[in-house]
Structures are given as C-alpha cells and as structure tokens.
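how would this look folded up:
(4 chains)
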There are 2 protein chains.
Amino acid sequence: MPYSPTHKLQTRQRILESARRLFNSKGFDAVSIGEVMENAGLTHGGFYRHFKDKDELYAEAVRWFLCDEAPKPWRRPGRNAHKPRAQRIVDAYFSFDHFDDNESCCPLVSLPSDVTRVGEGVKAAYQDVLEKLVALLQADLEGPQSRERALSVAALCVGGLVAARGVADPSLAKELRQAAYRQAQTMLKARPC
Amino acid sequence: MPYSPTHKLQTRQRILESARRLFNSKGFDAVSIGEVMENAGLTHGGFYRHFKDKDELYAEAVRWFLCDEAPKPWRRPGRNAHKPRAQRIVDAYFSFDHFDDNESCCPLVSLPSDVTRVGEGVKAAYQDVLEKLVALLQADLEGPQSRERALSVAALCVGGLVAARGVADPSLAKELRQAAYRQAQTMLKARPC
DNA sequence: GTCTATAGGCAGATAGAC
DNA sequence: GTCTATCTGCCTATAGAC
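Prediction:
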C-alpha cells in the first residue's frame, strides 16, 4: 500500500487547481481532460476515479475558487489593510492585475457565458461564488437597501471587467474599468437615509 | 448560370444569421460549421467559398448583430416611443424577454467570455457593438462626464444580465436584474452639478 | 490509484464532380 | 456556388494491467 491516507485527496486537489486555471484561461470546451491531468502531473486514464465526468469537474473547479488554497495574486492582502473589506474587494476587482490575470481571476469574470450553457451543477457553483461576493459587499454597506446596493455593485464589478476584457483596444478597456470603478466607489460611499 | 447576381450575398447573409443565432445560444466551440450550414439550408462543404475559416465567420457574425436585418424581438419598438432612446435601450436590456432570449440577445451578454479567448478580429467586432451601445447611451445623457457615465451604464447593463444568466436560482436572477436596472435608471437621471 | 491502450465519434479543412 | 467524399486529428469515456 504505497499510498498515504490523504494521497487521493491531495491528488484530487491538484486536479481541481489545474482545471480551475485551464478553464479560466481557455474556457470549458477548449480544455481537454488529458490537458487537465497532464498539467496536474498525471495521465488522462486516471481521471474517472476522481470525477464522474467532465461536467462534475467543471462545477467542482468553479467552487474550488472559493477555497483558501486557490491563489489570488491580485489580492495583495498586505496593502490597504485599513480600508473596509468591501472597498478592498472592489479595489482588487478593478485592479489591472486582476484584469490581466486570466488564470487566477474570479470565475464570475472569466466564465460567465460558458456557465449559461452547461448544467445546473455548474450554475449552482457560479451562484455560490456570486452570493459570496454579494455577502462580503453587503456586510460593509450601511443604511437601507444594503442588499440591493450590494447586488448592483456586484453587477458593476462583473460587467466592467467582462466588457473591458472583450474589447480590442487597451485604452478603451482601461477607460471602461476606470469608469465602472469610480461608479462602484460612489455606490459604496452612498448613504441614502 | 442559374445564380442571380445577389445570390451569393443572400447566401452569405443566411449563413451569418444562422451562425449568429447558434453562437449566441451554444457558444463558439460548441457549434460546428456543419451545424451552421445545415441550419442555413446548405451543406458544410460550401462554407469555405464564403469565409476563410471559422474565426472569420465568428467575427462577422458578431458584427452582423449590428445590421438591421438581425431580429431583436425584445426591442418592441412600438412601446414607450415617447421615452428618450437611452431609457428605451436600458429598458429593453433589462427586460425579461431579453434576459430569456438566448438566441437573439445582445452579443455583449451572450459571448463575453468566449470573445476574450479568440483572435483580435472577434474582439474588434465585440468592441464595435460596445461602442455603439455607449454612443447611443451617451447621446441622451446631459451634463458633464457623459462619456464616463455612459460607460458605467453599459458596464452595469452587461454585468447585470451576465450575472443573472449565470446563477441557478431564478429569483436571485430576477433580484440581480432589478437591482442593476434601478441603479442604471438612477444613473441615467443623474445631473451632476 | 494510476497507468497504457483503445473504442467510437465528431471536428475543421480540402478535393474534385457538377 | 454548392454538392459529396475524404483526410487528419483530437475528443470523452472505458478496459484491463500493475
């Protein structure tokens, strides 16, 4: 018995991390199971001992982003530690690093149109990520309609980044990102009495 | 010579309309050239007399949305004709019909994450659509920073719809759509200074 | 638990008949 | 201009050795 008790779990997590990165940067259909496994240091044959099929892997990979183990380089937790968390999230969301990071960016940004076309399991995982974002934003919003305002800020974050990534001209992308960022900041500060 | 002078152009437009619909609802990778051609009443062999390859078809199909021939059932041009055009656009964008219409919806909503992964030609077409939307919004915005406000409203439109389409729970989707819609209306009405 | 080998299917692109 | 036929390659998923 050459395998430690945690070996399978560790292997599973390596596969998930590999899948998360590849799906983020290349999309669901363009990534093969062989590619995911090779990137995790394995061969494609062993895949089905860990996941039922590719759809299950996709849902789990989206959810995997929420785990602490998933790297988020654009977060820079040391900086601006004094700001409210909602502000730090919006700052990170609209940062150039996040815009530019196809591999580790938030799946809300990298996968929206893919998710609409696959099964309910993946949508449920996408929803978990979105609800996490909304909850974090709402926790720092004071005054009435905090839920509605948190939802709007989340929509602005997703839309600003998604639109900026889709256009060809980098200066238009920056303009979009900055306009949405300033609007989001205004909405965070607003205190409708 | 059994073909009329406009025959090739008409065939090309049939292919574009078929491609636009299929890409919108199923995504770029999931649609085969044979499917596009069959849907246009042709066979796959003739495709390459009209387009260099699948990527060129993709870019042209995105741009095809801007043509008047492309159907937009959720627009309902008769209703609310008295409102400013920017308002009518935002109304149409956040309508349930547009949310629900995977086939004829705005490509900004249906294709964002696909577009980030393909060539510059498709991004240029995506940018054309976005700039058209921003220009239409800006034309009806008074006061300073109309450009920046138009960009923010566009981001909110895209983000609100995209996020709503990605989640599993229909009531959360509706909540997202309505929150973003109300915020967009506020921004349209705002007259800073 | 992971490997190699393979079954079975479908994709994009081209060739040549009409 | 459009057709049928085909080349070439990669995909998901399974079988069976170790």
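
ok, the residue in chain A positioned nearest to DNA strand C - how many residues close by?
At 1.9 Å from DNA strand C, A:Gly45 is the closest residue in chain A, using C-beta to the nearest atom of the strand. C-beta coordinates here come from the backbone N, C-alpha and C atoms, glycine included. Neighbour count of A:Gly45, defined by other C-beta atoms under 10 Å in any protein chain shown: 10.

for it, give its distance to A:Ala81.
46 Å (C-beta to C-beta, to the nearest Å).

starting at the chain centroid, how far to the helix or strand containing A:Glu131?
Under the criterion of DSSP states H and E, A:Glu131 resides in helix A:120-139. Centroid separation for helix A:120-139 versus its chain: 10 Å, with C-alpha atoms, centre = their mean, to the nearest Å.

buried set for it?
A:121-123, A:125-130, A:133-134, A:137-138 (16 or more other C-beta atoms under 10 Å in any protein chain shown).

before we move on, what about stretch A:159-166?
Buried residues in stretch A:159-166 (16+ other C-beta under 10 Å): A:159-166.

A:Leu16 in helix, strand or coil?
helix (DSSP: H, G, I helix; E, B strand; the rest coil).

thought it was touching A:Trp64?
Yes: contact criterion C-beta atoms under 8 Å: A:Leu16 and A:Trp64 qualify, at 4.4 Å.

with neighbour numbers in mind, choose between those two.
Taking other C-beta under 10 Å, A:Leu16 and A:Trp64 do not tie; A:Leu16 has more neighbours (24 against 20).

tell me how far that one lies from DNA strand D.
16 Å (C-beta to the nearest atom of the strand, to the nearest Å).

ditto for A:Val115
Taking C-beta to the nearest atom of the strand, one finds A:Val115 at 17 Å from DNA strand D.

same question for A:Ala92.
A:Ala92 is 32 Å from DNA strand D, by C-beta to the nearest atom of the strand.

report the buried residues of the strand or helix carrying that residue.
Under the criterion of DSSP H and E, A:Ala92 resides in helix A:85-94. Using 16+ other C-beta under 10 Å as the test for burial, helix A:85-94 gives A:86-94.

let me have those in a markdown table, adding pLDDT as columns.
Converted to a markdown table, these look like this (pLDDT from 0 to 100):
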| residue | pLDDT |
| --- | --- |
| A:Ala86 | 95 |
| A:Gln87 | 95 |
| A:Arg88 | 95 |
| A:Ile89 | 96 |
| A:Val90 | 97 |
| A:Asp91 | 96 |
| A:Ala92 | 96 |
| A:Tyr93 | 97 |
| A:Phe94 | 98 |
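
want to try a markdown table for those residues, with distance to B:Ala150 as columns?
Shown next, in a markdown table, are the buried residues of helix A:85-94 (distance: C-beta to C-beta, whole Å):
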| residue | distance to B:Ala150 |
| --- | --- |
| A:Ala86 | 25 |
| A:Gln87 | 25 |
| A:Arg88 | 28 |
| A:Ile89 | 25 |
| A:Val90 | 21 |
| A:Asp91 | 23 |
| A:Ala92 | 25 |
| A:Tyr93 | 21 |
| A:Phe94 | 18 |
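
and which of these is nearest to DNA strand D?
Using C-beta to the nearest atom of the strand, the buried residues of helix A:85-94 come closest to DNA strand D at A:Tyr93, 30.2 Å.

so who does the closest one touch?
Taking C-beta atoms under 8 Å, 6 or more residues apart in numbering or on different chains as the criterion, A:Tyr93 is in contact with A:106, A:157, A:161.

one more time with 10 Å
By C-beta atoms under 10 Å, 6 or more residues apart in numbering or on different chains, the residues touching A:Tyr93 are A:74, A:99, A:105-106, A:108-109, A:133, A:153-154, A:156-158, A:160-161, A:177, A:180-181, A:184.

looking at the residues you listed, which are in strands?
Here DSSP state E is the test, and those give no hits in strands at all.

gap between the spatially most central residue of chain A and B:Gln87?
In chain A, the residue lying closest to the centroid (C-alpha atoms, centre = their mean) is A:Cys106, at 2.0 Å. Using C-beta to C-beta, A:Cys106 is found at 31 Å from B:Gln87.

same question for A:Gly34.
Counting by C-beta to C-beta - A:Gly34 and B:Gln87 are separated by 51 Å.

let's see the pLDDT reported for the residue nearest to A:Ala173 when sequence neighbours are not counted.
Spatial nearest neighbour of A:Ala173, excluding adjacent residues (C-beta to C-beta, 6 or more residues apart in numbering or on different chains): A:Ala164 at 4.1 Å. pLDDT for A:Ala164: 98.

mind checking the SS state of A:Ala164?
helix.

is it true that it touches A:Cys157?
No: applying C-beta atoms under 10 Å, one finds A:Ala164 not in contact with A:Cys157, separated by 11.2 Å.
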